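Visitor: Provided below for reference: sequence and predicted model.
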Amino acid sequence: MNAIPTHQLNDGRSIDAIGFGTYPLKSDEGVAAVTSALELGYRLIDTAVNYGNEAAVGRAVKASSVPRDEITVTTKLPGRHHGYDETLASFDESREALDTDVIDLYLIHWPNPSVDKYVDSWRAMIALQKNGVVRSIGVSNFTEEFLTRLADETGVLPAVNQIEMHPYFPQEALRAFHAEHGIVTEAWSPLGRAKAIISEPAITEAAERHGVTPAQVILRWHTQLGAVPIPKSESPDRQRSNLDIFGFELDTAELDAITALGRPDGRLFDADPNRHEEM
Ligand SMILES: NC(=O)C1=CN([C@@H]2O[C@H](COP(=O)(O)OP(=O)(O)OC[C@H]3O[C@@H](n4cnc5c(N)ncnc54)[C@H](OP(=O)(O)O)[C@@H]3O)[C@@H](O)[C@H]2O)C=CC1
Ligand SMILES: O=C(O)C(=O)[C@@H](O)[C@H](O)C(=O)CO
């Protein structure tokens, strides 16, 4: 398998160009999936308080033969814990659940604009990073408007914004904003949950030409566009092939044909961060 490239973050650290999603893997199933993902070479692991699997992720990380400092454990602050003090308390709970001294990448899961406390949470995350208990700080599901407000009110831009991105929803405008401001795009549901997308001719035909699977084409498309996909799979075989995407290159016409599958209503569900709020 080819080596995994990395992305430089705006705080001097770096993350792998592909990671492993863990929703909705829980308990022993979650431990098994993360254990095999680490064995296969994933080093960027994505969890969240709201997945109810931080303990499972923590168990797998702790038991792994991969040195702890080679693994980027990501978790996310839930909406019900927004606010400065609430964020500090939630962070302590996550650290305990994950059984780790340091959280490598800490994200605000959803902006929940009607609650209007994400800036307070962001200030708390800046403090956690200054205290050295969080290595990198970022957000998820933030729009250009919410990102701009963080910068205006705190002077600190997130290292990462984890957003919905797949061929039906390629997020061209937000990715351009990220690129302009040094924010790394992480892509959630990168395979579009492996539904209709997998059978799109633009994808299956490219897969045939390169002798790879449609899922590999989709994940390679993400990485060639500069985004970091975090596919979830509980199957070690699919985990392996999802990681094995750096031995072929899509050409510009193939990239453009896949991006052209995008459509305004391409979201998997109604997860527009201006309206969709998760507590
Ligand atoms: N920040 C946020 O708001 C959100 C973050 N996320 C994060 O993003 C991660 C990934 O997103 P997710 O929603 O899981 O969707 P994905 O696009 O990663 O798709 C996962 C689905 O695809 C299947 N699959 C995986 N690999 C293959 C393959 N090679 N061929 C065919 N099918 C495959 C999986 O099944 P199987 O397991 O059987 O292989 C599963 O059903 C989540 O796990 C979570 O960590 C997700 C949603 C929102
Ligand atoms: O997986 C996540 O991070 C989420 O935010 C999920 O709740 C996601 O929104 C979902 O799958 C809802 O059905």
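Guide: Received the coordinates, thanks. Ligands and ions are numbered 1, 2, ... in the order given.
Visitor: so which residues on the stretch 1-150 of the chain come close to ligand 1?
Guide: Residues of the stretch 1-150 of the chain lying close to ligand 1 by CB under 6 Å from any ligand atom are 21, 22, 23, 46, 109, 140, 141. Where you see a C-beta, it was placed from the backbone N, CA and C, and this is true even at glycine.
Visitor: just the ones of the residues you listed in strands?
Guide: With DSSP state E as the criterion, strands contain 21, 46, 140 from among these.
Visitor: of these, just say which sits nearest to ligand 1.
Guide: residue 21 (2.4 Å; CB to the nearest ligand atom).
Visitor: got the contact list for the residue lying closest to that closest one once chain neighbours are set aside?
Guide: Spatially, and ignoring its direct neighbours in sequence, residue 21 is nearest to residue 232 (3.5 Å; CB to CB, 6 or more residues apart in numbering). Residue 232 is in contact with 20, 21, 22, 23, 25, counting by CB atoms under 8 Å, 6 or more residues apart in numbering.
Visitor: let me have the ones in strands among the residues of the stretch 1-150 of the chain next to ligand 1 in a markdown table, extended by neighbour count and pLDDT.
Guide: A markdown table is the format used below for those (neighbours: other CB atoms under 10 Å; pLDDT from 0 to 100):
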| residue | neighbour count | pLDDT |
| --- | --- | --- |
| 21 | 28 | 98 |
| 46 | 27 | 98 |
| 140 | 23 | 99 |
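Visitor: number of nearby residues for the residue in the stretch 151-279 of the chain that ligand 2 sits nearest to?
Guide: Closest contact between the stretch 151-279 of the chain and ligand 2, by CB to the nearest ligand atom, is at residue 278 (5.4 Å). Neighbourhood size, residue 278 [other CB atoms under 10 Å]: 15.
Visitor: next one: residue 6
Guide: Other residues lying near residue 6 total 14 when counted by other CB under 10 Å.
Visitor: partners of it in the sheet?
Guide: Bridge pairing for residue 6 (DSSP bridges) gives the partners residue 16.
Visitor: please begin residue numbering at 513 from this point
Guide: Noted, 513 is the first residue going forward, which turns the last one into residue 518.
Visitor: was I right to think it contacts residue 529?
Guide: Yes: between residue 518 and residue 529 there is a contact at 6.3 Å, judged by CB atoms under 8 Å.
Visitor: return the residues in contact with the residue of the stretch 513-662 of the chain found nearest ligand 2.
Guide: Nearest residue of the stretch 513-662 of the chain to ligand 2 (CB to the nearest ligand atom) works out as residue 535 at 4.0 Å. Contacts were defined as CB under 8 Å, 6+ apart; by that measure residue 535 touches 558, 560, 563, 565, 744.
Visitor: and the residues you listed, which two are furthest apart?
Guide: 560 and 744 (12.2 Å; CB to CB).
Visitor: thought residue 737 was touching residue 687?
Guide: Yes: using CB under 8 Å, residue 737 is in contact with residue 687, at 6.9 Å.
Visitor: still on that earlier bit, dihedrals phi and psi, the residue of the stretch 513-662 of the chain closest to ligand 2?
Guide: Reported as degrees, to the nearest 10, the phi and psi values for residue 535 are phi -80, psi 130.
Visitor: could you do residue 584 as well?
Guide: Main-chain dihedrals, residue 584, degrees, to the nearest 10: phi -100, psi 100.
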